[in-house]
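**Student:** This is a predicted model, with the sequence first.
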Amino acid sequence: MITPPCETPKQASIGRLFAVGIDVGCEKCSISVLRPDKTVVIKPLEFTNDAQGYAFVLTKLESLGVIPAQITIGLEATGRYWENLYHYLARLGYNLILLHPVQTHQFAQRRGLRAKTDALDAGTIARVVLSDEARPAYVPGDLVATYRELVRLHSNLADEIGRYRNEIHALLFVIFPEYTQVFADPCRPTALSLYPSRQAIAEVPIGILSAKLIELSNGHYGLKTAERLLTLSKKSASSGLASNARAQGLVILCDQLLHTQANLEILESEIAQLLQKDEAAKKLAEIPEFGPKTIAGLRAELGEVGRFTNCNQVVAYAGLDLTVKESGKWKGKVKLSKRGSGRLRRLLYMVALVSLRLKVSAFGDYYRELRKRGMNGRSALMAVMRKMLITAYSLLKNDSTFDPKKVWIGAKFVAKELPLVAQVA
């Protein structure tokens with residue numbers, strides 16, 4: 001489902017008789033209502049962020065005596081707390097603008113509104129709605145929201161797995177430093193969770209240890225491995241300090257690691273099913289460099305492309321557009337703005353790196369061509385990221401077919417911009 005482009009702030013104010021600002025919090029929110037001439041109609045009032053509070057808001061809005069289409073409501077995108085109220089009001093037909101907190105903060109700073117209270121924030125949000133400066137934030141549809149939940153949770157769990165593995169390695173170094181001489185990866189399913197110290201391993205009979213290794217490794221390890229492990233445990237350099245507490249900690253970490261890995265597999269299965277039913281995902285799969293994780297990440301972070309009118313907007317959304325600071329005769333270095341989605345940039349960065357190592361890759365060839373023309377490695381990599389993003393956008397926007405030859409389009413132009421782009425940090 002493609003959501004239509006958001007109205008511009010100027011369009012959103014035409015024919016609207018009231019501007020409403022709502023500062024959203026976890027438990028309590030604040031609402032303020034202004035007329036177009038900025039006179040206060042309803043002074044800031046608190047309400048709870050639940051069904052009872054929403055009914056209170058509706059009563060106040062209905063008391064204005066106009067239809068929902070004549071009221072524009074601005075909400076600040078604070079965590080997840082705005083979502084239920086936003087969709088509740090949207091279903092009732094009110095005009096809604098979701099504002100980024102940074103935008104509201106900058107608006108207040110420019111006008112000297114330095115105080116920070118929920119009541120004042122609600123009034124500030126209403127003033128932003130009345131101004132020509134409101135830039136509505138993106139509110140994803142159900143499919144993109146589903147991708148975001150799954151992909152971001154997957155990323156969080158993957159980070160947790162990395163943390164658990166590091167903690168296991170560090171703890172194992174003091175419990176039984178010789179363990180990795182037998183098992184290069186101590187986080188694999190071995191006897192470690194059953195015998196979490198060199199003392200425990202040294203005391204277990206060789207037959208029991210061997211049988212357990214065979215069971216856990218599907219026959220890959222056996223008697224010889226058990227004998228070597230037993231010998232090392234008896235000659236270990238471990239100090240034995242706090243051995244029981246550390247062994248218990250190791251058991252817990254191993255258990256957490258296994259459960260997190262199992263949950264990660266469940267998420268990957270859910271994402272795979274989502275990709276199979278998604279026509280846009282199938283279109284992105286035409287690009288050889290894009291695997292399932294990359295495609296899911298693009299669908300989550302890029303969202304519905306129908307809201308972009310050209311590729312420059314997409315590049316800016318990812319924070320891959322160039323910016324330069326100037327003051328009088330002084331001119332700073334050209335850098336990436338990095339104002340957009342950091343998750344999208346990181347995703348493109350990793351995929352661009354992978355493309356350089358592939359034997360056959362249009363994007364890898366594009367990178368090498370830019371390098372031949374004198375561009376430094378970092379700038380050429382940024383150019384590949386931009387090219388990947390624009391290519392993905394074009395496929396989705398125009399429902400076109402991926403053509404590797406089109407990746408080269410613009411290479412000469414980019415190379416001509418070398419004095420500018422080479423300074424990209």
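**Tutor:** On my side now, so go ahead.
**Student:** Contact partners for the residue most central in space within the chain?
**Tutor:** In the chain, the centroid-proximal residue (CA atoms, centre = their mean) is R343; its distance is 4.2 Å. By CB atoms under 8 Å, 6 or more residues apart in numbering, the contact list for R343 reads R152, S155, G297, A300, E301. C-beta here means a position set from N, CA and C on the backbone, and glycine is covered the same way.
**Student:** Are any of these buried, and if so which?
**Tutor:** For the contacts of R343, a neighbour count by 16 or more other CB atoms under 10 Å gives the buried set as S155, G297, A300, E301.
**Student:** In helices, which of those residues fall?
**Tutor:** Mapping the buried ones among the contacts of R343 onto helices (DSSP state H) picks out S155, G297, A300, E301.
**Student:** Now flag whichever of those residues is closest to E268.
**Tutor:** In terms of CB to CB, no member of those lies closer to E268 than S155, at 11.9 Å.
**Student:** excluding its backbone neighbours, what's nearest the closest one?
**Tutor:** In space, S155 comes closest to R343 once its chain neighbours are excluded; the distance is 7.9 Å by CB to CB, 6 or more residues apart in numbering.
**Student:** give me the element the one you found is part of.
**Tutor:** Using DSSP states H and E, the element containing R343 is helix 342-357.
**Student:** ok, residues contacting the helix or strand following that helix?
**Tutor:** Counting by DSSP H and E, the next helix or strand C-terminal to helix 342-357 is helix 362-372. If you take CB under 8 Å, 6+ apart as the criterion, helix 362-372 is touched by 289, 352, 355-358, 377, 379-381, 383-384, 387-388, 404-405, 407-408, 411, 414-415.
**Student:** For the buried ones among the residues you listed, write the corresponding PyMOL selection.
**Tutor:** In PyMOL, this line selects whichever of the contacts of helix 362-372 come out buried by 16+ other CB under 10 Å:
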select buried, resi 289+352+355+356+379+380+381+383+384+387+388+407+411+414+415
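**Student:** How about the helix or strand containing S233, which residues are buried there?
**Tutor:** Per DSSP H and E: S233 is located in helix 223-234. For helix 223-234, a neighbour-count test (16+ other CB under 10 Å) marks T225, A226, L229, L230, L232, S233 as buried.
**Student:** what packs against the next helix or strand after it?
**Tutor:** Going down the chain from helix 223-234, the next helix or strand is helix 243-277, by DSSP H and E. Counting contacts by 3 or more CB pairs under 8 Å, 6 or more residues apart in numbering; DSSP states H and E, helix 243-277 is packed against helix 142-175, helix 279-284, helix 292-302.
**Student:** got the domain boundaries for the chain?
**Tutor:** Structurally, the chain divides into domains by automatic domain parsing as follows: 9-139, 146-271, 292-421.
**Student:** Would you mind saying which of these lies nearest K283?
**Tutor:** Among those, the nearest to K283 by CB to CB is domain 292-421 (5.1 Å).
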